[in-house]
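K.L.:
quick one: sequence and predicted model below, then my questions.
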Amino acid sequence: MEPAFILMIVSLTSLALLLLGVKGLHLTRAGLGLVLRKVCESIGLTLVVFLVNLAIGILVILAWRSLTGRFVSLYITSDSTVLILSLLQALSFQAWREGSRHHHRPESGGCT
Amino acid sequence: MNGSRLIQSLGLGAVVAFFLVSFTPLPNVLNRWAGVPSQLEPAEAIVVLAAGMDEHGELSDRSLQRAIHGIVLFQRGFAPLLVFSGPVQRQAGVDEAGVRAEMARLFGVPPLALLTVATALTTREEALHTAKLLQPRGVTRILLVTSYDHMRRSRLLFEKAGFQVQPAAVDDLSEAKKPESRLQLMRQLAQEFCARTYYRLAGYL
């Protein structure tokens, strides 16, 4: 019941946003496709950054254990905040990359 | 396939995986596949594994669940000894094993039937330190109490330490139905999968 209810609510609001975009704001379908690809890219980048954070965390803990002989649990790397921080890192990096691309694009010489 | 396409495919895969985990019974199926069913038969001792305690000395939900399961098994006469594991929490100044043993006393378990292992920090150490405590007493057959997803690794470690292990999983009937519970279950399964991989690479299993 609960999963179906959540999916129904999200489907309805997605449909409303689609209608708002197409009818109200006259956005293009091609634009939507591009944005969905960008969203997938952000999520993929988040996953990569998360795995790198996790791997570095594990390596640092294992090195700390072997160098100091003191125990630190590997479970601290599985805190949910690591995923949220990875998302922020990925979004910031992606926005920076996009911003730099626009910044470095040569000025158009005007209409020919 | 260029880098950007690869990252996009990874992202799409993550979205699909999110929907499968949250909105289908996939995590429950994986949980049943990864766990070990209980085998409740009389043993020489009941061994309850640690599951964490906060800096105020309060047991985590899992720790409490495991402790209560161990006490219930003892009260039902499955074994004459009840062993609690759980390390010292420095800030609280108490050990998880001691807190659970005290709780067992309050539930009517005789002090002479209680033993604690407060020196083990990992599952592997729990197996080794419990073996040091119990094997000189002639105990080889144990009922092992831990969470369902943690049982397979724990059982292998305790068998390696010389015990005959009968699993007594705490939550083998639990089925996550809400999307959030399924995500939580998947996270536990992923954590346990990583732990098993690490133990295999380290040669502990």
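P.N.:
In hand now; what should we look at? No experiment lies behind these values; they were computed from the predicted model shown. Residues are numbered from 1 along each chain as shown, chains lettered A, B, ... in the order given.
K.L.:
is chain B within reach of the lengthiest helix in chain A?
P.N.:
For chain A, the helix with the greatest residue count under DSSP state H is helix A:29-68. Yes - with C-beta under 8 Å from any C-beta of the partner chain as the threshold, helix A:29-68 lies in contact with chain B, specifically through A:37, A:39, A:40, A:41, A:42, A:43, A:44, A:45, A:46, A:47, A:48. Where you see a C-beta, it was placed from the backbone N, CA and C, and this is true even at glycine.
K.L.:
got a list of what residue B:163 touches?
P.N.:
Taking C-beta atoms under 8 Å, 6 or more residues apart in numbering or on different chains, we find residue B:163 in contact with B:127, B:130, B:131, B:134, B:140, B:141, B:142, B:144.
K.L.:
can I get those in a markdown table including secondary structure?
P.N.:
Shown next, in a markdown table, are the contacts of residue B:163 (DSSP: H, G, I helix; E, B strand; the rest coil):
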| residue | secondary structure |
| --- | --- |
| B:127 | helix |
| B:130 | helix |
| B:131 | helix |
| B:134 | helix |
| B:140 | coil |
| B:141 | strand |
| B:142 | strand |
| B:144 | strand |
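K.L.:
max pairwise distance over these: which two?
P.N.:
Spatially, the most separated pair among the contacts of residue B:163 is B:127 and B:141, at 14.8 Å (C-beta to C-beta).
K.L.:
give me the element whichever residue of chain B sits closest to chain A is part of.
P.N.:
Using C-beta to the nearest C-beta, residue B:11 is the residue of chain B that sits closest to chain A, at 3.2 Å. Remark: residue B:11 resides in helix B:3-23, with elements defined by DSSP states H and E.
K.L.:
same thing with residue A:83?
P.N.:
Of the helices and strands defined by DSSP H and E, residue A:83 is found in helix A:80-104.
K.L.:
give me the mean pLDDT for that helix.
P.N.:
In this model, helix A:80-104 has an average pLDDT of 90.
K.L.:
what is that helix packed up against?
P.N.:
The elements that helix A:80-104 packs onto, with contact taken as 3 or more C-beta pairs under 8 Å, 6 or more residues apart in numbering or on different chains; DSSP states H and E, are helix A:29-68.
K.L.:
what's the angle between the helix it packs on and helix A:80-104?
P.N.:
If you take axes from the mean of the first three to the mean of the last three C-alpha atoms, to 10 degrees, helix A:29-68 sits at 130 degrees to helix A:80-104.
K.L.:
which other helices and strands contact helix A:29-68?
P.N.:
helix A:80-104, helix B:3-23.
K.L.:
highest mean neighbour count out of the ones you listed?
P.N.:
For these, average neighbour numbers computed from mean count of other C-beta atoms under 10 Å in any protein chain shown are highest in helix B:3-23, which has a mean of 16.
K.L.:
right, and the helix or strand after that one?
P.N.:
helix B:26-34.
K.L.:
buried set for that following helix?
P.N.:
Using 16 or more other C-beta atoms under 10 Å in any protein chain shown as the test for burial, helix B:26-34 gives B:26, B:27, B:28, B:30, B:31, B:34.
K.L.:
for those, give me CSV that also has distance to chain A and pLDDT.
P.N.:
Compiled in CSV, the buried residues of helix B:26-34 are given as follows (distance: C-beta to the nearest C-beta, whole Å; pLDDT from 0 to 100):
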residue, distance to chain A, pLDDT
B:26, 12, 93
B:27, 12, 92
B:28, 13, 91
B:30, 17, 91
B:31, 17, 89
B:34, 17, 86
